[in-house]
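Enquirer: any chance you can model this:
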Amino acid sequence: MNADIPTQALVADIGGTNARFAIANLETLSLSDIRTFPTAEHATLADAIRAYLKDAPETVAHSGLAVAAPLREDTVKFTNAAWTFKQSTLAKEAGLEAAYVFNDFEAQAYALPVLSADELHSLHGGEAVENAPKVVLGPGTGLGVAGLVRSPSGWVPVPGEGGHQTFPAENERELALLERMRVGLERLSVERVLSGPGLADLYRAIAASYGFSDAGLSPAKVEQLAIGGEDEMAVEALNFFVQWLGRFAGDMALGALVDAGADLD
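Expert: Numbers count the residues shown, from 1 in each chain. Modelled structure (predicted):
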């Protein structure tokens, strides 16, 4: 590699709840010194970066940061966290030479073409079509969505805010639960349902439908009880969550669908 090009960089996945940092080898794409910092423990993103670099085993000057926020302006406001920063001054504030910022699911989309076979699992029949558009989505503190399309110059990510679509219901049971979850809101977005907080709200709505008016659990506890089969309401909540996530993924795939025989190059 050219001596002027760095061989290592700081990389990070900054969500609404946690900021995950690592040192990336830019030749092999391998990661080292992976550490997680709760966002609530640091006043700013720059503070969290400095805290990580203080104890990092390698000295790095460049970074690539995937953040859970839209990047339309220089000032970036996190969707589900209190942090705000300016892209133009972040590097200096964090003690870096350069900081390259991406939407978190834009970064996820970039990773799709380089996933190895052992990192892929087929959920349904059919074969992947080479160079067809791709969609990535994932629930966490919120719900991230992005696309990836092929162009003559290579893959191009398409960041978006698909998680803020209105959540649909397909039957009376779903509608009744969603109406409970919508109380106090002007509208119920997909993200309000398919996220960590959404799972907790879904459990609460299911419990209320059975007459339990004060049944609040954390998302992690709902998941734990459901997987262990210890709570029928938690099992029902997780079943709905998985079913709805699959439905949303299918809808996003339909939105990206093109003629499989089209020459996108």
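Enquirer: and the helices in the chain?
Expert: Using DSSP state H, the helices of the chain run over residues 45-54, 90-94, 104-111, 172-182, 190-193, 196-209, 219-227, 232-256.
Enquirer: point out the most buried one among those.
Expert: helix 190-193 (a mean of 24; mean count of other CB atoms under 10 Å). C-betas here are computed from N, CA, C, even on glycine.
Enquirer: how about it as PDB, C-alpha atoms only?
Expert: What follows is helix 190-193, C-alpha atoms only, in PDB (Å, rounded to 0.1, in the frame of the first residue of the first chain):
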ATOM      1  CA  VAL A 190     -43.000   1.100  11.400                       C
ATOM      2  CA  GLU A 191     -40.100   2.100  13.600                       C
ATOM      3  CA  ARG A 192     -42.500   2.600  16.600                       C
ATOM      4  CA  VAL A 193     -43.300  -1.100  16.300                       C
END
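Enquirer: contacts for that helix?
Expert: Residues external to helix 190-193 that are found in contact with it (CB atoms under 8 Å, 6 or more residues apart in numbering): 142-143, 162-167, 178, 181, 185, 198, 201-202, 241, 244, 248.
Enquirer: go again using 10 Å as the cut-off
Expert: With contact meaning CB atoms under 10 Å, 6 or more residues apart in numbering, helix 190-193 is reached by 79-80, 137, 139-145, 161-168, 177-178, 181-182, 185, 197-199, 201-202, 205, 240-241, 244-245, 247-248, 251-252.
Enquirer: picking that back up, dump the helices of the chain to CSV, plus mean pLDDT and distance to residue 123.
Expert: Compiled in CSV, these are given as follows (pLDDT from 0 to 100; distance: least, CB to CB, whole Å):
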stretch, mean pLDDT, distance to residue 123
helix 45-54, 95, 35
helix 90-94, 96, 38
helix 104-111, 88, 17
helix 172-182, 95, 21
helix 190-193, 95, 19
helix 196-209, 96, 20
helix 219-227, 96, 18
helix 232-256, 93, 8
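Enquirer: for residue 130, find the nearest of the ones you listed.
Expert: helix 232-256 (15.1 Å; CB to CB).
Enquirer: list the contacts of residue 122.
Expert: residue 128.
Enquirer: and residue 62, how close does it get to residue 207?
Expert: 49 Å (CB to CB, to the nearest Å).
Enquirer: do residue 46 as well
Expert: Taking CB to CB, one finds residue 46 at 42 Å from residue 207.
Enquirer: check residue 90 too.
Expert: 43 Å.
Enquirer: show me what the residue nearest the centre of the chain is bridged to.
Expert: Among the residues of the chain, the one closest to the centroid is residue 144, at 4.2 Å (CA atoms, centre = their mean). Beta bridges link residue 144 to residue 138, judged by DSSP bridges.
Enquirer: residues contacting it?
Expert: 15, 66, 68, 79, 103-109, 136-138, 159-163, 191, 195.
Enquirer: ditto for residue 222
Expert: 196, 199-200, 202-204, 206, 216, 231, 233-235, 237-238, 241.
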